[in-house]
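Participant: please find the sequence and the predicted model below.
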Amino acid sequence: MAQSTGQSVHRTRFLLDASGRAAVVGRTLGVAAQVVDTLFAYAQWYDSTIEDRDCHTRIESGPAGWWYSNRLPGAAARRLLVFHTDSDLPTARTAARKAGFDALLGASTHLGPLLQSKGYLPDDMPIRGASAGSQRLQDFGGADWLAVGDAAQAYDPLSSQGIWKALDSGSEAGHLVHYQLQADAPVGQDQSYIRQYMAHQDRRWQQYVAQRNFYYRQQSRWCDDVFWRRRMAA
Ligand SMILES: Cc1cc2nc3c(=O)[nH]c(=O)nc-3n(C[C@H](O)[C@H](O)[C@H](O)COP(=O)(O)OP(=O)(O)OC[C@H]3O[C@@H](n4cnc5c(N)ncnc54)[C@H](O)[C@@H]3O)c2cc1C
């Protein structure tokens, strides 16, 4: 135990990296991350005193990205509004400020009028941002470690698969590590369970990328705008 630095040392037969997009274990071990895009999510909460019974997830595309909005379950009318664009585009700087976010919303066709018609007003908090791009670790694990959830592969929120995928890969990895530890061969010698997990993760990623590209290509109105041009070229 190195108390002066606040760090402690533990020994383990097997390590799971469940650190989300940071993929702390994988990156510390020198595994490269493959980053597909620089999608970033900018979010603002809205409140209203008017009843809102809309229980759909609303999605709207625009020239520099796309929006989604959800009403929170509960008595009070409260909505989350998120704008997605690439972090290196000028629109990202606009979306990061409240005035800019409101201006982008004002230019939207559906969500701006929807919030206005229901009397929604933004809360006092600053715009919150988070990485939302597609990325994966080059290797999903090794002889004595595996990455699960977003640490292994993180998806675009358009997929709506993030939480399911995190639970599913965590469960699968948990079972396979158990089998590996139960096997006669010491960890690192018979890696069939580890290889099985990594092959499955690899298939998942191929399927995800194909679906992501398919859905982005459905939008054909702004082919000349950088955000969409990048995705058409994928
Ligand atoms: C804007 C946005 C919208 C989304 N919308 C949806 C949606 O509608 N539906 C959906 O299914 N998914 C959605 N997702 C994705 C979903 O949130 C993630 O896929 C999911 O949370 C991944 O779970 P995870 O446990 O792998 O990682 P995380 O939830 O990121 O958890 C990782 C944890 O590890 C901790 N950690 C990091 N580093 C360290 C360290 N060094 N030491 C100790 N702990 C550490 C973090 O603090 C965190 O608690 C969205 C994501 C974004 C960005």
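Facilitator: Perfect, thanks for sending it. Numbering: from 1, shown residues only.
Participant: name the helices or strands packed onto the lengthiest helix in the chain?
Facilitator: Ranked by residue count under DSSP state H, the longest helix found in the chain is helix 192-217. Helix 192-217 makes packing contacts with strand 141-142, strand 145-147, strand 153-154, helix 162-182, helix 226-232 when contacts are defined by 3 or more Cβ pairs under 8 Å, 6 or more residues apart in numbering; DSSP states H and E. To be clear about C-beta, it is placed using only N, CA and C from the backbone, and glycine gets the same treatment.
Participant: which residues of the protein lie near the ligand?
Facilitator: For the chain, the residues found near the ligand under the criterion Cβ under 6 Å from any ligand atom are 18-20, 22, 24, 41, 82, 130, 132, 149-151, 157, 160-164, 166.
Participant: now the longest helix of the chain: how far from the chain's centre is it?
Facilitator: The chain centroid and the centroid of helix 192-217 are separated by 15 Å, computed with Cα atoms, centre = their mean, to the nearest Å.
Participant: before we move on, back to that, can you tell me which of the helices and strands packed on helix 192-217 is nearest to D37?
Facilitator: Of all the helices and strands packed on helix 192-217, it is helix 226-232 that lies closest to D37, at 6.9 Å by Cβ to Cβ.
Participant: output that closest one as PDB, nothing but the C-alphas.
Facilitator: Output in PDB follows, covering the C-alpha atoms of helix 226-232 (Å, rounded to 0.1, in the frame of the first residue of the first chain):
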ATOM      1  CA  VAL A 226     -19.500  18.200 -43.700                       C
ATOM      2  CA  PHE A 227     -21.200  16.300 -40.900                       C
ATOM      3  CA  TRP A 228     -23.300  14.200 -43.300                       C
ATOM      4  CA  ARG A 229     -20.600  14.000 -46.100                       C
ATOM      5  CA  ARG A 230     -18.300  12.300 -43.600                       C
ATOM      6  CA  ARG A 231     -21.000   9.700 -42.800                       C
ATOM      7  CA  MET A 232     -21.900   9.200 -46.500                       C
END
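Participant: would you mark the buried spots in it?
Facilitator: If you call a residue buried by 16 or more other Cβ atoms under 10 Å, then helix 226-232 has these buried ones: 226-228, 230-231.
Participant: now pLDDT too, for these, in a markdown table please.
Facilitator: Listed next are the buried residues of helix 226-232 as a markdown table, based on pLDDT from 0 to 100:
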| residue | pLDDT |
| --- | --- |
| V226 | 97 |
| F227 | 98 |
| W228 | 97 |
| R230 | 96 |
| R231 | 95 |
